[in-house]
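A.B. asks: The sequence and its predicted three-dimensional model are supplied below.
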Amino acid sequence: MTSRKHGLMRIFWPSDAPRDPLPGVLVGWRNSELDVLVIGILQGVDARNVEHALRMRTLFRGSPHPIENILERCGNQVPQVLGTINGPARQNGFDPKMLSLQTVKKSKIPRVECSSDAGVTLQIIAFDRPDPKNMQYLSLTPISLALGDKRSAYGSVPPFDRIDQDEELERKRKEKLAEKLKLHTVVRHPPTQKELALPTIITQINCSAEIEALMQKNIGLVGVRVKRHLSVSERMAESAANLQQFVILWIKSAFVHYIWPFASQLFILGLMMQRVAAEGIIQLLDWRPIPDSAALKDISATAQQVDIRLQQFCYWPAQYITLQRRRSEWDSITNSHPEYIRFFNSLWLVANDIIIGIALGSYIIENADYVGAQVNHLVNAYAVEGLQRVITWLMGWPAGLKLNTELAKFLGDLFLWVIDYWASVMSQLQPALPHIIRFIGLSSFAGASLPISMFSDLVSLLTMHIYSFYIASARIYNWQLTIIISLFHLFRGKKRNVLRNRIDSCDYDLDQLLLGTILFTLLFFLLPTVAVFYTTFAGARMAIIFLKAALDTWLACLNHFPLFALMLRIKDSRRLPGGIRFELCDTPATHLTPPSPSGDESIPEPFNAPTSHILLRSIPLPLSHTFTQYAHLTHRLRKHYLSPRVFLCLVSGQFVPPIHRKNLYSLQYSMLPARRVGVGELWRLLAEDGPSQNVEKANGVNGLAVGPQQGKRLQGRGKGVGVGGGYWWSR
């Protein structure tokens, strides 16, 4: 905030600036009269020559990319001279357009020559300059590790559609409440110009490293006149060097023109054949016989896992091309950094999945008979014999509870007959079980996630009879409970009005009341017998659901765990920005009271203007944001399975809908685009021709240096060969 009599001046200072006492020129951006950002210090040059070099863009010669691209991101401002450092003492007072700074021993922050009567309060904000080569950058908002195009594309299916509706209503209610709070706020502080300039300043800080390196590289061109012509011996030495460079470039050009196009065409054809095959399998897995019916990937965990891997395979070429195109731009442009993290995170996960799968598959193949015997024993012990013992126990008086013997015997015999039939079917498949286990072991070489998904489908297949028992017992229990509730309303002289969804009064005849009493008594005394069978099968069904949920959680970790992001957070947290913070530091006394120029301490000197030192730091991405997808899915699962509605469904015998695979696997699809890259689009990306990224002219200046070695070419050019066109991997 500024005023006429008193102003606040902010100086953004890089902490890696030179601290030696040599004089230099400050170069940076001036966002306003009292708001500057220092890019760097050019030592050993005159301020007027630097101003002329900036105006003529001499300091930007030999830039690897057009300088306009990076200046456009920095608010379309050209760097200018901001002042001097360690220069002679100024006698005409403080001038914000030409600052005068002095380095202080044992301090990263210099002292500004500004007396207290200048009417200015100083803020020196020091920042650690991010290194764009290592993909470091500052950001006001946390980096997003997931693609944000899922909600409108995938939507939701029951039971999460109701949860999504509740969350959307709650979000709208909070937004409306926030708007009401704004209307009732007594004091509103509109954002100042300094606050509005903060996003531009953060971008300038991100771009300052490359611009400072480019200016330091061309500092020899500041104030340098045209050199003399080279002598005969110097021209001969330069010709020999140019001849050697010409031979190397000719060999590279011949390879790129004649050998590489043929090899690249073979690579493209092979990749496109695999892409077409993958597209056919994806379409088969997503095929629905009826428009609103379930696809194969919505039923089978194995099909879902194959679909995820194929979609990753379809997305990797587009991701790689995007990352390769990043080389044709400044490293300070951070648009593709989240894509870089997603790409390598998926590669790491697939590599770890294959490594774990090889170890798991080797064990399964070597012990296929033993594993098959153990699986057969567990199925018989829990799904057949154990269930038979429980049903036989329920046919008596379980735990002293006296049940209806005839009904319990009828239901028990019915369930035991189905179990015997199921056991006979499983006994016919028992000889093939070791071969099935061996096939699952072979599939492990494609990743541990594939045998886990196969085992999940195998659990569903081997426990299909328990699912049938749960459906049958729940339906009988729900019918009986509904009839009992209706007969209870009959005793009270009431009936349910379905149209108005309420209970109305009703007159019944005597014979209706008598028949209702008989049926109510009969069904009420038979209810405990049906309830114990229903409770048993409902508990078994919930146990199977939790087992499959554990397997699906394991799959989610193998397919989506942010392993690469966690590694980056440990190795270099500045590559995962989660925001910024300002820390107020203690201001040393040397910054407040300048030393006496005469060396006589008895002579009082005017105090410096009020100065505060602030440290600008990058906040690493919190772990809560890294695992936000897991937290969101856990919250939705808790609202589904631990909600009062689910408890009411269990008590009333209503069907508890399992989690749809579309909602369960939405976490694993968060790293994939909602619309995958088509075959034709991938072909255009791979076979795309374009001009070479390496040009002889950059920023309107030829690639000829006018420094000490006049005539030497390729200063600031790219590393590739200057070929007229080529594929994305040949640039």
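C.D. replies: Perfect, thanks for sending it.
A.B. asks: can you count the residues close to residue 97?
C.D. replies: Using other C-beta atoms under 10 Å, residue 97 has 11 other residues around it. In short, each C-beta sits where N, CA and C put it, glycine included.
A.B. asks: go on, residue 456?
C.D. replies: Residues contacting residue 456 under the criterion other C-beta under 10 Å number 23.
A.B. asks: Check which element follows the strand or helix carrying it along the chain.
C.D. replies: Assigned by DSSP states H and E, residue 456 belongs to helix 449-462. The helix or strand immediately downstream of helix 449-462 is helix 464-491, counting by DSSP H and E.
A.B. asks: Which elements pack onto that following helix?
C.D. replies: helix 405-429, strand 494-497, helix 510-560 (3 or more C-beta pairs under 8 Å, 6 or more residues apart in numbering; DSSP states H and E).
A.B. asks: which of the ones you listed is buried the deepest?
C.D. replies: Per residue and on average, the most neighbours among the helices and strands packed on helix 464-491 fall to helix 510-560, with a mean of 17 (mean count of other C-beta atoms under 10 Å).
A.B. asks: Show me what it is packed against.
C.D. replies: helix 301-325, helix 337-366, helix 385-394, helix 405-429, helix 449-462, helix 464-491, helix 628-641.
A.B. asks: Give me the distance from the last one to the chain's centre.
C.D. replies: Read that as helix 628-641. How far helix 628-641 lies from its chain's middle: 18 Å, per C-alpha atoms, centre = their mean, to the nearest Å.
A.B. asks: CA atoms of the next helix or strand after it as PDB?
C.D. replies: Under the assignment DSSP H and E, the closest C-terminal helix or strand after helix 628-641 is helix 644-652. Provided in PDB are the C-alpha atoms of helix 644-652 (Å, rounded to 0.1, in the frame of the first residue of the first chain):
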ATOM      1  CA  PRO A 644     -27.200 -45.500   8.500                       C
ATOM      2  CA  ARG A 645     -28.900 -46.400   5.200                       C
ATOM      3  CA  VAL A 646     -26.700 -49.500   4.800                       C
ATOM      4  CA  PHE A 647     -27.300 -50.500   8.400                       C
ATOM      5  CA  LEU A 648     -31.100 -50.100   7.700                       C
ATOM      6  CA  CYS A 649     -30.800 -52.200   4.600                       C
ATOM      7  CA  LEU A 650     -29.000 -55.000   6.600                       C
ATOM      8  CA  VAL A 651     -31.600 -54.900   9.300                       C
ATOM      9  CA  SER A 652     -34.600 -54.900   6.900                       C
END
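A.B. asks: So for helix 644-652, mean pLDDT?
C.D. replies: Mean pLDDT, computed over helix 644-652, is 83.
A.B. asks: contact partners of that helix?
C.D. replies: Helix 644-652 is touched from outside by 478, 481, 538, 640, 654-656, with contacts defined as C-beta atoms under 8 Å, 6 or more residues apart in numbering.
A.B. asks: and residue 74, how many residues sit next to it?
C.D. replies: 23.
A.B. asks: Can you tell me the closest non-neighbouring residue to it?
C.D. replies: residue 204 (4.8 Å; C-beta to C-beta, 6 or more residues apart in numbering).
A.B. asks: out of the helices and strands packed on helix 510-560, nearest to residue 569?
C.D. replies: helix 337-366 (10.6 Å; C-beta to C-beta).
A.B. asks: and that closest one, how far out from the chain's middle?
C.D. replies: So, by C-alpha atoms, centre = their mean, the centroid of helix 337-366 is 18 Å from its chain's centroid.
A.B. asks: ditto for stretch 132-146
C.D. replies: 11 Å.
A.B. asks: So for it, mean pLDDT?
C.D. replies: When pLDDT is averaged over stretch 132-146, the result is 89.
A.B. asks: Distance check, the most centrally placed residue in the chain against residue 12.
C.D. replies: By C-alpha atoms, centre = their mean, the chain has its centre lying nearest to residue 145, at 0.8 Å. Residue 145 is 29 Å from residue 12, where distance means C-beta to C-beta, to the nearest Å.
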